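Participant: can't give you the sequence, but here's the structure:
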């Protein structure tokens, strides 16, 4: 005889904490119009291979992280997590950002910590500058940083970078650049004499697995600088049959 059993609230809370807290997740746009995703039937690798090409219409995966304060109390046989949002913004170019699904995946290669600055411009302008874009010779994409300059950037230690958006696809020790152009545009330098160079110290590993998929009612063609916003309300339920 099969009967339903419920998992204790304490056990379910532990499971949610272990699976989600301090983990980074990536929202990806997939362009497979007319295709429905069926868990256990659809090949996840094939499905994710139809992701919108990086840079098309300004496309970049959006990331978010769960922290302990995001875990809600046990209610209605489950433990929920705080709502998270992902905003995809068209870059205003003539190329549309076209998609039919949004997929949520576990993060992989997201920057967790950064190394110290090793190469700097000759001088800087004191202040804090946010959301600066970066480049790399590796395969990573989307890392943006905040930069603080003190003592007019006299030494490498006067340039401190912290993560704004962790990006994805990075490997530890990847060299990261903030270009002269980006430094000048931010106001961190007046006329940069070189790129600002540092490295990725640690990254998330072992991720990439598909968590959930939502299909839009019709194919979306995002253009003219418009945005598409998705909200994720995840909840893990605690019951099974024995």
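Facilitator: Arrived safely. On a predicted model such as this, the values are computed, not experimentally measured, just so you know. Numbers count the residues shown, from 1 in each chain.

Participant: And the residue in the chain sticking out farthest from the centre, how far from residue 65?
Facilitator: Here the chain reaches farthest from its C-alpha mean at residue 1, the gap being 45.9 Å by Cα atoms, centre = their mean. Plainly put, residue 1 is 44 Å away from residue 65 if you go by Cβ to Cβ, to the nearest Å. The C-beta positions use only the backbone N, C-alpha and C, and glycine is treated the same way.

Participant: check contacts around residue 231.
Facilitator: 83, 84, 85, 86 (Cβ atoms under 8 Å, 6 or more residues apart in numbering).

Participant: Could you say which helix or strand holds it?
Facilitator: Using DSSP states H and E, residue 231 falls within strand 227-232.

Participant: Can you tell me the strand partners of that strand and which way each runs?
Facilitator: As defined by DSSP bridges, the strand partners of strand 227-232 come to strand 84-89 (antiparallel).

Participant: and after the strand it pairs with, which helix or strand comes next?
Facilitator: strand 97-106.

Participant: Make sure residue 211 is actually in contact with residue 106.
Facilitator: Yes: between residue 211 and residue 106 there is a contact under Cβ atoms under 8 Å: 6.3 Å.

Participant: joint contacts of the two?
Facilitator: With Cβ under 8 Å, 6+ apart as the test, residue 211 and residue 106 both reach residue 25.

Participant: between the two, which one's more packed in?
Facilitator: Taking neighbours as other Cβ atoms under 10 Å, residue 211 and residue 106 compare with residue 106 leading, 18 against 14.

Participant: which residue sits closest to that one, ignoring its sequence neighbours?
Facilitator: If the residues on either side of it in the chain are set aside, residue 106 comes closest to residue 207, at 3.8 Å by Cβ to Cβ, 6 or more residues apart in numbering.

Participant: which residues in the protein form helices?
Facilitator: Taking DSSP state H, the helices of the chain run over residues 9-20, 44-48, 180-186.

Participant: From the contact counts, what lies against the last one?
Facilitator: Under the contact definition 3 or more Cβ pairs under 8 Å, 6 or more residues apart in numbering; DSSP states H and E, helix 180-186 sits against strand 127-133.
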